[in-house]
Each structure stands twice: as structure tokens, then as C-alpha cells.
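Visitor: dropping the sequence and predicted coords here.
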2 protein chains.
Amino acid sequence: MNTSPPRSLRHAAARPSPTLEDLAVAAGVSRSTASRAINGGDRVSAEAQAAVDRAVVALGYIPNRAARSLVTRRTSSIALVIPEPDVRVMMDPFFAVVITGITEALRETDVQLVLLMSRTDDDSSRTLRYLRGGHVDGAIVVSHHKADSWARSLAETGLPTIFIGRPWDMAFDVTYVDSDNVGGGRLAARHLAGIGRRRLATVAGPADMTAAVDRLRGWREGLAEAGLPEGPVVHADFTTNGAVAAARRLLAEHPDIDGIFAASDLMALGVLDVIHAAGMTVPGDIALMGYDNHAVAETAPTPLTTITQPMVEMAVKAGSMLLEEIEAPGSHPEPVIYSTELVERASTSVAPTASAAKA
Amino acid sequence: MNTSPPRSLRHAAARPSPTLEDLAVAAGVSRSTASRAINGGDRVSAEAQAAVDRAVVALGYIPNRAARSLVTRRTSSIALVIPEPDVRVMMDPFFAVVITGITEALRETDVQLVLLMSRTDDDSSRTLRYLRGGHVDGAIVVSHHKADSWARSLAETGLPTIFIGRPWDMAFDVTYVDSDNVGGGRLAARHLAGIGRRRLATVAGPADMTAAVDRLRGWREGLAEAGLPEGPVVHADFTTNGAVAAARRLLAEHPDIDGIFAASDLMALGVLDVIHAAGMTVPGDIALMGYDNHAVAETAPTPLTTITQPMVEMAVKAGSMLLEEIEAPGSHPEPVIYSTELVERASTSVAPTASAAKA
DNA sequence: CGCTGCCGTGGAAGCGCTCCCACTTGACAG
DNA sequence: CTGTCAAGTGGGAGCGCTTCCACGGCAGCG
């Protein structure tokens, strides 16, 4: 005689939720009709629909997603892939904004957001396997480094995918949402030239990130446009600490510069520190610009002039584009580029050091 | 004759992924044996196991989650519920840290993180329905406001749930992870008293959040401990702007205070502004403390002394606790409280204004 | 040497759902 | 009055998986 414990309900044990069958019985219709009534009510009489609706409320019926997804081959969930080490994630509000934006695009839908963060290469392959496994209907990838080959790998799976930030590898048609980093860099050069600075330098981002490369390109274009020489360029990793080292080098080799464009606000913060440590002032001796309009740009000792991009909007767009492509596969939408704007603050004001000029 | 289009593969059309059946055939065993081999290999001979393993690699087999979850009644995913308006999410690195921590706890597991953000009440009920629907095996709730009744509602569903931050409603046994906010408040009072400040005030957080209430309680205890009077208390909403208004009121009514404890760094920033605007200095005239060890505490015009809590650790703990409770239902673990620490910076240094004393 | 017990195995049932298909009905045209 | 057709319905198959159960084989024991 079998006396083993009821293993099969080790987790359930709660009151079993009503099935479609139960619903159908309660509504006095067949399973098929109940199903139709629940899914948009195509080819269902008004009475049947009403009866089912009533039963749904009465029973507190919630369709079983697994069962549905098993037959429809749709999961009603999408993945957000973040191929970044945690440090960045924690420091940078960027990711929070992206999540908020995507969530916004997803409300009114019953699509859920699954978060996939992969730090190590090991994680990467797991993530890829997961994506391949048909566990989600689509993916949004926050693209950053040249190294990660997400773009190619994902494109090969045929899974609908949208990139936020132009991916490095464009040897095939990927859909992405980005801001006009080239234009942003140009804005920076124009602004610094516009306030009369002539010996300009930039602390650029890593050369393996498209955003950094584009900003630098725009910067150069802007300088050329203003008839200025190209000036010194140092690279850092978009972090404050990285920028400190880069700025020290910069100032040591070019003590006479009067304007610096740091390709991120976090880096500008580091540059600011170095300038101060060298006994110089901002914007008195050196006008300084950041990029991103990060919260710290406003709270910095000298509030930073910076470039802003509509990040939330971008994320919302990415979400809705993905939804579209899932709905109509094969319709490869065109990339969308959002324009950037200058935000003027004290760090480039023409007036003398204005750090105490607050309300 | 049936000439209707193959609607059923409107979305698939990719090469159909191999099923367990295919795997079994390739390995030369039965479906049952293949299944056993895949799931830990209980009661499977070494040869069979090896054959299946080989077949998995050869076919690139990935189990269908929906099918599995349909029969096991497990989804291998958990939800992170964030019942907050987006503004907060975007500004506060807290959430990013929580996500990072939970993800950390989840690696090495095949459990996925589903994000549930609910702004409106409408969202709330949707979220609750989702949670009820058995779409996840458990939930982590970032608990904040008195108003949201997540705690009770969720407890009633019997879904394994961990709260990050002690929930307001404790009329039943909930499991949570929190930091010792009372202790943190006490630390603040002790420190300010310790550097000789005697006329102390606090800008407390909203009275409907446990963290705010606890910090205030600790603050009062600390003052009593130091033999100091309770001093003025004003409330704000944990934001910079909110604190500005509160601080103005405070200074207007109590112009002689020489120490302020703001219950968050963001609020401290606002207080700092107000103090400066009133022509006073920090820490010269007024010593100022924040709470959270937020990034801005370091970059503030006057770097802020603050209280730090091991947020990542807390999130990791929440994740692993949830995993445990899912594994062994009914084992209601005890709440875990992490201790807090003081981080000393210029805003409470005894020396004269040290805002320029950087390296 | 036969019996008990256990190990490894495969067949088969079903998880809850969607959707194909066949069927019944009633309206309407011929 | 019969034929046609669309609308609404229910039966049933099957999505890919886990797990119960029955069964053959083989070791250990009396």
C-alpha cells in the first residue's frame, strides 16, 4: 500500500483556483465558448458573454498563463537585458529611467517585464539561452559595449529585439532607439565656442561605446564648424574616478586650456575636482560642460552646464516599438533618434564664479 | 478542402525547438527517463544519463517552461513589487540597488525576476490579481507607505512574500528585511551631541512611513540619552524641495539651532541650501547630517555626514529568504534587521568650514 | 532455489488552455 | 417548401511536460 506523503502538492495546498472548465460549468456554456468569451468575445452571443462575465466575477477566475502560453506559444512577457556590471547599474539613474519608461509602455497591456542582468560571460550565455528558449516574446537590450555581441546573437534567434542605444555591430538590420549623440557633442562645442572659449579640450568616453564615439565626433564637428582647432582629447570610462586621472593628465600637458567638455556629468564631476585642486576656478579659468543632465549636474559644487536627452521618452518608445514588432513580426521598424538639448548652468556662465549665487 | 492559411504559426515559424520527445528519441530512451535525467537524474542509470546529456547538447534542447510550469505549478519566477510613483524610482538609487541585490541572490538559480510597478490604485489591483494568479512563486515588496495595503492583501493569498522595509501593518506575521532605523536615528543624535551641539532639530520624513517614524524615534532616544531636550521637529517628504520649505519654517521659528538632522540626504541638500541662503555656514553655524549615504551626500557643496545601511546586502538577503520560503513553505522566517553606521564628512566636522579641504 | 524487495524503465494520464472542426439553428433567398 | 449560409456552439485533440504506476530484471536472503 502506498503510504508516501502527497508530494505532488508540496507547494500548492492553497485552494485550487478555478479552471476554465469550472467557469464554463458555472456559466452554463461549453469550455470553448467560455474561452472565446474571455478572449475578446468573437463569435459569442450576448447572453453567453454576459453569463461568462458574471461567472468570472463570481468565481474570481484568472486564466492560467502557463496553459495558455503552452498552446499559443506566446508568453506575454518581454525581457530587459542589461549587460552591465552592477556598479554601473547602481550609480547610474539611467537604468531606473529605462525601466520606468518600459513599464509605462507596458501598462494597459498584460505584458510583463522580466529583468535579465548579466555581469559575467557565463551569465551572458545563460541569458542568451533563456532568450532563445522562447521564454519571452521579445527583448529590449541596453546596448553599450563593443565587446558584447548581443546584437548579432539575438538577431540570429529571430526574437523581436529593440536596442536602446545604437549597437556597435550594425552589419545587419537592427532596430534601435537612440539620442543624437553627435548633435549633443556639436551642441557642446558650439556652446563653449559661443561663450568665447578658444582653447578647448574634451574628456571623451570609452572608445568602444557608440555613445562616446558619437559625442566625440559631434564635438569635433562642432569645433571645425566654429573654426577652432581640434584640441586635446583624453579618454576615460564615464566614471568620476576615471575622469580624475584623465583630467590630471590633460591639465598637466595643456595648462592653458580654457574650456573642457566631459562626455558625462559623472566625469565632469571628477574634472571639476581636478581643476579646483589645481587652484583654478570654474568657469573663471576653465568653462566646464558635462553630458546627460544627471541629477549630480545640478547638485555639483558648481552646477554643470550639460546636454540633456529625453531618456524616459526613449525607453517608452523602445517598449512600444517592441510591442509592435511582436504584434506584426517581420515589420522591421526604422531606428528612432531623439534630439538633444543644452542645459545651461553656472559652470559655463560668462559671469565670474557664480557658485554662491543661489536663491 | 482546407485552404485556410496556417494561422497557428503566425508567430512561431522559426525552426521548432526540440521537445522532450525528440530528446528521448535521440538519446534512445523513453520520455520519462529523459525527463528524469534532466531534472536531477534521480533513478536514472549512468548510461541513460550520459546519453541524455549528449542528446541535450546535440539538439540544443531547452525545456519548455510553460509546459513544465503547467504541471509542476511552479513558475520559477518571482516578482518585485514597487508600489511607488515613477518620480521616486527615477531619483532614488535605492531601487536600482534593490534590483541588483535580488538579481545577485537569484543567480545560480533559474529563477527570473519579474518587475511590477504600480503607480495608480488601478495598477495596484492589477498587480494583486497578477500575484494571485499564480504567475509567480513569490514576491518581494518594497514597502513604504502606510496607505498601501499590500501586506495584508498578499498575506491573505498565501503567496510567499518578503518585505524590504518593515511594513506598516504588522497585525499578522510578515517576514521582512530592514535596517535599524531607530539605531540610525540614535547614532545621529549621539554624533551631533558628541561634537558639542546642544540646540538640535530634525527634519523628519513623512509620518506614514516606518523608516521615517523609526529614525525619528531613534533620534529622540538619542537626545534623551545625551540629556538634551527634544528640540523642534518638522516633517517633510524625503525630497529636496520638500525639505526646503520645512527648513525655512524651522530656521524662522528657531534661529538659534546649531545642529540639524535631516532624515535623508536628499532632504539634507535642501536644508543646506536654506542655511546658506540665510547667510549661515555648515558646519560653522549649524552642523548638518543626512541619512542614507546617497551619492549626493559625497558630491554636495559641503559633503554630508550621514548614516549608511547595507542596502545591497539587505536586498540579497530578501532574495535568498524568499527562495528559502518558496522551497520550504510554511517556514515563516524571522525578520532580519541590519545595523547602520555613521559616515563622517565635512558637514559635521569640528574644524571651520572645510569645503575646500579636498585633495 | 524460490521469494522478497529494489532499481531502472516505459506507458499513459493529465496539467489548463486554445482552436479546429463539425454540428445545430434560424434567416433568407430561390 | 427546399437550399444556402452565417452565426453560435460544443466536442475533442493536443501543446510539452511531469509523475503515477506497473513491469521486468537482478541482487540478497532465507
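Guide: Good, I have the coordinates.

Visitor: switch to C-alpha atoms for all contacts and neighbour counts from now on
Guide: Fine.

Visitor: how near is the closest residue to DNA strand C within the stretch 201-350 of chain A to chain B?
Guide: Here the stretch 201-350 of chain A gets closest to DNA strand C at one residue, residue A:327, 13.3 Å apart by Cα to the nearest atom of the strand. Relative to chain B, residue A:327 is positioned 9 Å away (Cα to the nearest Cα, to the nearest Å).

Visitor: next one: that residue, what pLDDT does it get?
Guide: Note for residue A:327: predicted pLDDT of 88.

Visitor: how many neighbours does it have?
Guide: Residues near residue A:327, counting by other Cα atoms under 10 Å in any protein chain shown, number 14.

Visitor: now residue A:41
Guide: Residue A:41: 15 neighbours (other Cα under 10 Å).

Visitor: equivalent analysis for the one 5 residues further on, please.
Guide: Residue A:46: 11 surrounding residues under other Cα under 10 Å.

Visitor: that one and residue A:53, how far apart?
Guide: Per Cα to Cα, to the nearest Å, residue A:46 is found 10 Å from residue A:53.

Visitor: got it, and residue A:145?
Guide: As judged by Cα to Cα, residue A:145 and residue A:53 stand 50 Å apart.

Visitor: residue A:269 reaches residue A:242, doesn't it?
Guide: No - counting by Cα atoms under 8 Å, residue A:269 sits too far from residue A:242 to count as a contact (10.6 Å).

Visitor: who has more neighbours out of the two?
Guide: The residue with more neighbours, out of residue A:269 and residue A:242, is residue A:269; 28 against 17, by other Cα under 10 Å.

Visitor: now name the helix or strand holding the more buried one.
Guide: If you go by DSSP states H and E, residue A:269 is part of helix A:265-277.

Visitor: average pLDDT across that helix?
Guide: Rounded mean pLDDT across helix A:265-277 is 94.

Visitor: who are the packing partners of the helix or strand just after that helix?
Guide: Moving toward the C-terminus from helix A:265-277, the next helix or strand (DSSP H and E) is strand A:287-289. Counting contacts by 3 or more Cα pairs under 8 Å, 6 or more residues apart in numbering or on different chains; DSSP states H and E, strand A:287-289 packs against strand A:259-262, helix A:265-277.

Visitor: among these, which is nearest DNA strand D?
Guide: Proximity to DNA strand D (Cα to the nearest atom of the strand) singles out helix A:265-277 among the helices and strands packed on strand A:287-289, at 46.6 Å.

Visitor: for that closest one, C-alpha coordinates in CSV please.
Guide: Written as CSV, here are the backbone C-alpha positions of helix A:265-277 (Å, rounded to 0.1, in the frame of the first residue of the first chain):
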residue,chain,number,x,y,z
ASP,A,265,28.2,64.5,-15.9
LEU,A,266,29.9,62.0,-13.6
MET,A,267,33.1,62.6,-15.4
ALA,A,268,32.6,66.3,-15.3
LEU,A,269,32.5,66.0,-11.5
GLY,A,270,35.9,64.5,-11.5
VAL,A,271,37.2,67.1,-13.8
LEU,A,272,35.8,69.8,-11.6
ASP,A,273,37.7,68.4,-8.6
VAL,A,274,40.9,68.3,-10.5
ILE,A,275,40.5,71.9,-11.7
HIS,A,276,39.9,73.0,-8.2
ALA,A,277,42.8,71.0,-6.8
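
Visitor: neighbouring contacts of it?
Guide: Defining contact as Cα atoms under 8 Å, 6 or more residues apart in numbering or on different chains, one finds that helix A:265-277 is touched by A:203, A:236, A:238-244, A:247-248, A:261-262, A:281-282, A:286, A:288-294, A:296-297, A:300, A:304, A:306, B:358-359.

Visitor: buried ones only from the residues you listed, please, as a PyMOL command.
Guide: Here the buried members of those are turned into a PyMOL selection, burial being counted by 16 or more other Cα atoms under 10 Å in any protein chain shown:
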select buried, chain A and resi 203+236+238+239+240+241+242+243+244+247+248+261+262+281+282+286+288+289+290+291+292+293+294+296+297+300+304+306
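
Visitor: can you list which of the contacts of helix A:265-277 are found in helices?
Guide: A:240-244, A:247-248, A:296-297 (DSSP state H).

Visitor: all the strands of chain A, residue numbers only.
Guide: Remark: strands assigned in chain A by DSSP state E are A:77-82, A:112-117, A:138-142, A:161-164, A:175-179, A:200-204, A:233-235, A:259-262, A:287-289, A:306-308, A:336-338, A:341-343.

Visitor: can you tell me which of these is most buried?
Guide: A comparison of those by mean neighbour count, using mean count of other Cα atoms under 10 Å in any protein chain shown, puts strand A:287-289 on top with a mean of 32.

Visitor: please state the offset of that strand from the chain centre?
Guide: Relative to the centre of its chain, strand A:287-289 is centred 26 Å away, using Cα atoms, centre = their mean, to the nearest Å.

Visitor: got the contact list for it?
Guide: Contact with strand A:287-289 is made by A:188, A:192, A:197, A:258-262, A:265, A:268, A:272, A:282, A:304-306, A:347-349, as judged by Cα under 8 Å, 6+ apart.

Visitor: go with 6 Å
Guide: The contact list for strand A:287-289 (Cα atoms under 6 Å, 6 or more residues apart in numbering or on different chains) reads A:259-262, A:305-306, A:347-348.

Visitor: so where is chain A shaky, pLDDT-wise?
Guide: Counting by pLDDT under 70, chain A contains low-confidence ranges at A:1-16, A:85-91, A:144, A:147-148, A:171, A:351-359.

Visitor: ok, the residue most central in space within it to chain B distance?
Guide: Closest to where the C-alpha atoms of chain A average out (Cα atoms, centre = their mean) is residue A:98, at 4.0 Å. Taken as Cα to the nearest Cα, the spacing of residue A:98 relative to chain B amounts to 9 Å.

Visitor: who's in contact with the residue lying closest to that residue once chain neighbours are set aside?
Guide: The spatially closest residue to residue A:98, leaving aside those adjacent along the chain, is residue A:315, at 5.1 Å (Cα to Cα, 6 or more residues apart in numbering or on different chains). Shown in contact with residue A:315 (Cα under 6 Å, 6+ apart): A:98, A:101-102.

Visitor: and residue A:234, what are its bridge partners?
Guide: For residue A:234, the beta-bridge partners under DSSP bridges are residue A:203.
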